[in-house]
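Trainee: Pasting the sequence and the predicted model now:
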Amino acid sequence: MTTHTRERSTRPTRRAVATVAALGVSMLALGACTPGASTDSEAADSPYGFAAVEQQADAPLTVWVDASRQPAADAFVKANPDVPVTIETYDGGADGSGSFQTKVQAFDQAGSGWPDVVFSTQNNDAAWASQGDDPFAAPLDKGYFEQSFLDGFTEGALAPLTVDGTVYGLRNDLAPTVTWYDESLMERFGYTVPTTWEEYQALGEKVAAEHPGYIVGTVGDAFAEEIYFWGGKAPVNTVVDSGTFSTDTSDPHAQDMAAMIDELLDAGVLAQESVFTPEFVQKYTGKVLMLPGPVWYSGALFDNPDSLAAEPGTVAAGLPLAWEGEEPAAGNVGGGTWFVSRHSANLEAAEKFLEFVTSDERYQVDLAPGLPAYEAAADKWLAKQAESGFFAGDFRANVSTAATQIWDGWGYPRFSQEAVWAKTVTPRLAAGESLVDLLPQWQEAIENEAQVNGYTIK
């Protein structure tokens, strides 16, 4: 973990005096005492809606971010030089690594060491971070944040972070899947952009025959199942309730999607490299005809000199695809979440940090690579993209529509579907095995992981 310390002068906070007077000094942690904490019985007296540790107006704020969110933390430091901040970088839980949870469990055992603020790429982290006798994540809608601020998030954006009716995190950005395509290549080859999965498969087979070397997608990332199976309405990741989980890879949507992927892999038009690898960039720059994937590919891949570096006006974000005769559906790939620790001794500064990184234009409009979850910032970010002229087609309208089409049949359990897919499916696909044949093994692996995490399988 890389640490960047930004020491600044301190200032009084509007809640500090009242909070210190109201709160006690002890609260049980998992297997250890938390120094300076109060008992849960005092939560009703807390202005935050939960029993907080003793607050210190000059306590440094420790913030964990992944490399992509480093600019967010830096922007906050620049805009708030009076807030003492220590920035530490880690993997953000990418690909379901579980590093966030593992580190928190170690701090729980030690009874100290928790960061104040954490960014995670995994929206399902709220499912575990909100649980236990002394959970990590602070509830955010019981008095901690103003409701008017929380109401500013795009409708549904906080749903993945809402557990038993309580909000435990704030979304950084929205990540609906869209159908990326190179408009210039489509016109040159005389192709029509597909609107259904059936048309997508037919186009892929045509590309294989007429323009070998070009691709229409990739399955090389741990989030491939969130693009294809979530976007294809396959019920393989269903949280029935807080204790019950369901997965069904025998469902026709799952079977059809797996068969389509097999066909396109055999045809050579689906890449098996991760989009973040040098190999992908080297092999496919200028060769990406289509690429179903999240909206944040905009800044991460296409408008990025270190990645595919598309020419302005060539790449467009098309609408999500549909099965023939059905309504279109978008998957969701990450989007990222900010959490505040219950153990923070400077909740005032943590609140200020989260408000800035989720809603302030100086980050979310000027610097953020993806669609902000905060509605006012999202509107301005979309307008900025449209005005830049970098993307072809109606980028603003299509992205806005996709954000309303995320399929609600895919849940957020206490484990990472990405980690299960990466371990069970990815290496076997790379070895040439059939995805259709792998579906029962994938289902078994999902069920085993669900049971380990305390779910009853329905």
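Mentor: Received, thanks. These numbers were taken from a predicted model, which means no experiment stands behind them.

Trainee: Any idea how many residues pack against residue 68?
Mentor: Residue 68 has 20 neighbours, counted by other C-beta atoms under 10 Å. Quick note: C-beta positions are derived from backbone N, CA and C, even for glycine.

Trainee: Quick one: residues contacting it.
Mentor: Each residue near residue 68 by C-beta atoms under 8 Å, 6 or more residues apart in numbering is listed here: 92, 300, 369.

Trainee: What number of residues are in the vicinity of the last one?
Mentor: Counted with other C-beta under 10 Å, residues neighbouring residue 369 total 17.

Trainee: Is it in a helix, a strand, or coil?
Mentor: Recorded secondary structure, residue 369: coil (DSSP: H, G, I helix; E, B strand; the rest coil).

Trainee: Turn the contacts of residue 68 into a markdown table, columns for pLDDT and distance to residue 158.
Mentor: A markdown table is the format used below for the contacts of residue 68 (pLDDT from 0 to 100; distance: C-beta to C-beta, whole Å):
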| residue | pLDDT | distance to residue 158 |
| --- | --- | --- |
| 92 | 90 | 19 |
| 300 | 91 | 23 |
| 369 | 86 | 21 |
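
Trainee: Okay, strands next: where are they in the stretch 201-350 of the chain?
Mentor: Along the stretch 201-350 of the chain, the segments classed as strands by DSSP state E, counting those that start in this stretch run 217-218, 238-241, 244-246, 270-271, 290-294, 315-318, 337-340.

Trainee: on that earlier part again, looking at the contacts of residue 68, which one is closest to residue 450?
Mentor: residue 92 (23.4 Å; C-beta to C-beta).

Trainee: And the nearest residue to that closest one once chain neighbours are set aside, what's its pLDDT?
Mentor: Of all residues not flanking residue 92 in the chain, residue 66 sits nearest, at 3.0 Å (C-beta to C-beta, 6 or more residues apart in numbering). In this model, residue 66 is scored at 94, pLDDT.

Trainee: residues touching residue 66, list them.
Mentor: Counting by C-beta under 8 Å, 6+ apart, the residues that residue 66 touches are 89, 90, 91, 92, 94, 119, 121.

Trainee: and it, how far is that from residue 172?
Mentor: According to C-beta to C-beta, to the nearest Å, residue 66 stands 11 Å off from residue 172.

Trainee: shared neighbours of those two, anything?
Mentor: residue 119.

Trainee: would a markdown table of the contacts of residue 66 with neighbour count, distance to residue 145 and secondary structure be doable?
Mentor: Converted to a markdown table, the contacts of residue 66 look like this (neighbours: other C-beta atoms under 10 Å; distance: C-beta to C-beta, whole Å; DSSP: H, G, I helix; E, B strand; the rest coil):
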| residue | neighbour count | distance to residue 145 | secondary structure |
| --- | --- | --- | --- |
| 89 | 19 | 26 | strand |
| 90 | 20 | 25 | coil |
| 91 | 15 | 27 | coil |
| 92 | 23 | 23 | coil |
| 94 | 20 | 27 | helix |
| 119 | 26 | 17 | strand |
| 121 | 26 | 22 | coil |
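
Trainee: for the residues you listed, which one is nearest residue 279?
Mentor: residue 94 (18.1 Å).

Trainee: what's the closest non-adjacent residue to that closest one?
Mentor: Leaving aside its chain neighbours, residue 94 sits nearest to residue 121 (5.2 Å; criterion: C-beta to C-beta, 6+ apart).

Trainee: got a list of what the one you found touches?
Mentor: Residue 121 neighbours (C-beta under 8 Å, 6+ apart): 66, 92, 93, 94, 334, 336, 337.

Trainee: Among those residues, which one sits closest to residue 185?
Mentor: For those, the nearest to residue 185 is residue 334 (27.2 Å; C-beta to C-beta).

Trainee: what about that closest one, how many residues close to it?
Mentor: Neighbouring residues of residue 334 were enumerated by other C-beta under 10 Å; the total is 22.

Trainee: my guess is it meets residue 175, correct?
Mentor: Yes - here residue 334 reaches residue 175: they are 5.0 Å apart, a contact under C-beta atoms under 8 Å.

Trainee: Turn the contacts of residue 121 into JSON lines, columns for distance to residue 425.
Mentor: Listed next are these as JSON lines, based on distance: C-beta to C-beta, whole Å:
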{"residue": "66", "distance to residue 425": "24"}
{"residue": "92", "distance to residue 425": "22"}
{"residue": "93", "distance to residue 425": "19"}
{"residue": "94", "distance to residue 425": "17"}
{"residue": "334", "distance to residue 425": "18"}
{"residue": "336", "distance to residue 425": "24"}
{"residue": "337", "distance to residue 425": "25"}
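
Trainee: Can you tell me which of those residues is nearest residue 414?
Mentor: Distances from residue 414 to the contacts of residue 121, taken by C-beta to C-beta, are shortest for residue 93, at 13.3 Å.

Trainee: Could you check how far that closest one is from residue 336?
Mentor: With C-beta to C-beta as the criterion, residue 93 and residue 336 are 10 Å apart.
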